[in-house]
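# whatever this is, show me its structure:
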Amino acid sequence: MELFMYNVDEYQPLEQSNSFAPIWPFRMAISGSSDSGKTTMMINLLMGTKNVKEDGERYISCNDVVLIGKHLDEPKWKLVENFYNTLAEQGEDVSFKALSANEIPDIFKFDPARFTIVIFEDLVNASKKIQEQIADYFTNGRHKNISSVYISQRFFAIIKFIRENINYISLHRGGGSLLDIKRIISQYTEHSNSLASVIDDLTLKKEFIVFDLRRSRDDPLSIRVQWDTSFKSIINHSRSNLDHPRSNLDHSRSNLDHPRSNLDHSRSNLDQTEINILSSIENRSSKFSSYGQKAILEARKNGLLIDFARNIPIPKERKILLTDEITVKNSDTWTKYVF
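Here you go, the predicted structure:
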């Protein structure tokens, strides 16, 4: 039986200037604590490089931005409003509107010929009636050419009906507990415990993680660090950086790799990214305190991991960096634990 694709949408897909930007129309949840960068990330999507470069482009090239929330006069949003007003004065067909939660428009009043993004910010404690109005945007908005965004401090504080209808999650620091992160990524891997630890560390360093629910679990861009970097590529690159310094520090330790190879073979049912994560996390997390793990991540980020491994700290510092049951008395053991 031959099957044919028919484009029956009322509108044409929006061509984005950046291939990593969310695919229109989208439904996105952005979660993170105060000062975690969630609003800044959204503003960057709206303004792109057009505000700072003469030939810059907006990452989301919509016609209309509608902001609905409590704190409409925040300087960040005023910046966006002024930006869109300037574009309109220059002849671009765009607009910016800020409304309170009591002014949520009826979804059927929107013109599907226009590309509209509606942003709901800090409304997780709004009434049930308002949540139901918002939910309508996440179920029916695409029929009116609307992309909807829900910004909240905690992901699972968003009502279930909305969560079930999103296709992008942008997770920032404090957007969820370690258990919450495991729940989010469980659809991508059976080994969410190890993945969650890595993601939690990244968000603590003010990175944000994007989950693209449109993509299959084996797609490298299904989980990203920021919008344009595959999470898998970060893990593989970090793993490679860890392996090379070890061989440079002590070539005679190459036999240490064989037990890991055996461990990898026994886990042949896992994909390579999961093996890399499990290998690095299991060895380090059982020996280093949370403070010590963060210190290693920071050293690696700044290209100082080899120096960190070569120079064993004084006993008082080791007590803080290591877990209570672990003691290190010589530099060789310290180096082995770091790598």
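
# can you map out the helices along the stretch 101-250 of the chain?
Using DSSP state H, counting those that start in this stretch, the helices of the stretch 101-250 of the chain run over 128-140, 160-163, 178-185, 192-204, 231-249.

# need those helices in TSV (columns: distance to Ser147, mean pLDDT and mean neighbour count).
All C-beta atoms are positioned from the backbone trio N, CA, C, and that covers glycine. Shown next, in TSV, are the helices of the stretch 101-250 of the chain (distance: least, Cβ to Cβ, whole Å; pLDDT from 0 to 100; neighbours: other Cβ atoms under 10 Å):
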stretch	distance to Ser147	mean pLDDT	mean neighbour count
helix 128-140	9	96	17
helix 160-163	14	94	15
helix 178-185	21	84	18
helix 192-204	24	82	20
helix 231-249	23	58	16
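
# now these in a markdown table, with distance to Leu45?
Listed next are the helices of the stretch 101-250 of the chain as a markdown table, based on distance: least, Cβ to Cβ, whole Å:
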| stretch | distance to Leu45 |
| --- | --- |
| helix 128-140 | 17 |
| helix 160-163 | 19 |
| helix 178-185 | 20 |
| helix 192-204 | 18 |
| helix 231-249 | 19 |
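
# out of the ones you listed, nearest to Ala309?
Across the helices of the stretch 101-250 of the chain, Ala309 has its closest neighbour in helix 231-249 (6.8 Å, Cβ to Cβ).

# still on that earlier bit, quick one: closest of the helices of the stretch 101-250 of the chain to Ser290.
helix 192-204 (9.2 Å).

# next one: that closest one to chain centre, how far?
The chain centre lies 11 Å from the centre of helix 192-204; the measure is Cα atoms, centre = their mean, to the nearest Å.

# only alpha carbons, please: show that helix as CSV.
Output of helix 192-204 as CSV, limited to C-alpha atoms (Å, rounded to 0.1, in the frame of the first residue of the first chain):
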residue,chain,number,x,y,z
SER,A,192,18.9,7.7,34.2
ASN,A,193,20.8,7.7,37.6
SER,A,194,24.1,8.3,36.0
LEU,A,195,22.9,10.7,33.4
ALA,A,196,21.0,12.7,36.0
SER,A,197,24.2,13.2,38.0
VAL,A,198,26.0,14.7,35.0
ILE,A,199,23.1,16.9,34.0
ASP,A,200,22.7,18.2,37.6
ASP,A,201,26.4,19.1,37.7
LEU,A,202,26.1,21.0,34.4
THR,A,203,23.1,23.0,35.6
LEU,A,204,24.9,23.9,38.8
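
# just list what that helix packs against, helices and strands only.
Counting contacts by 3 or more Cβ pairs under 8 Å, 6 or more residues apart in numbering; DSSP states H and E, helix 192-204 is packed against helix 178-185, strand 209-212, helix 272-285, helix 290-301.

# 7 Å instead?
Counting contacts by 3 or more Cβ pairs under 7 Å, 6 or more residues apart in numbering; DSSP states H and E, helix 192-204 is packed against helix 178-185, strand 209-212, helix 272-285.

# what is the mean pLDDT for the longest one?
This means helix 272-285. Per-region confidence: helix 272-285 scores 48 on mean pLDDT.

# where along this protein do the strands fall?
With DSSP state E as the criterion, the chain has strands at 27-31, 64-69, 95-99, 116-121, 146-152, 168-171, 209-212, 223-225, 229-230.

# next, format the ones you listed as CSV and append mean neighbour count, distance to Thr49 and mean pLDDT.
Formatted as CSV, the strands of the chain follow (neighbours: other Cβ atoms under 10 Å; distance: least, Cβ to Cβ, whole Å; pLDDT from 0 to 100):
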stretch, mean neighbour count, distance to Thr49, mean pLDDT
strand 27-31, 25, 20, 96
strand 64-69, 21, 17, 97
strand 95-99, 17, 18, 97
strand 116-121, 24, 18, 97
strand 146-152, 25, 20, 97
strand 168-171, 24, 19, 95
strand 209-212, 22, 19, 93
strand 223-225, 23, 19, 90
strand 229-230, 16, 17, 86
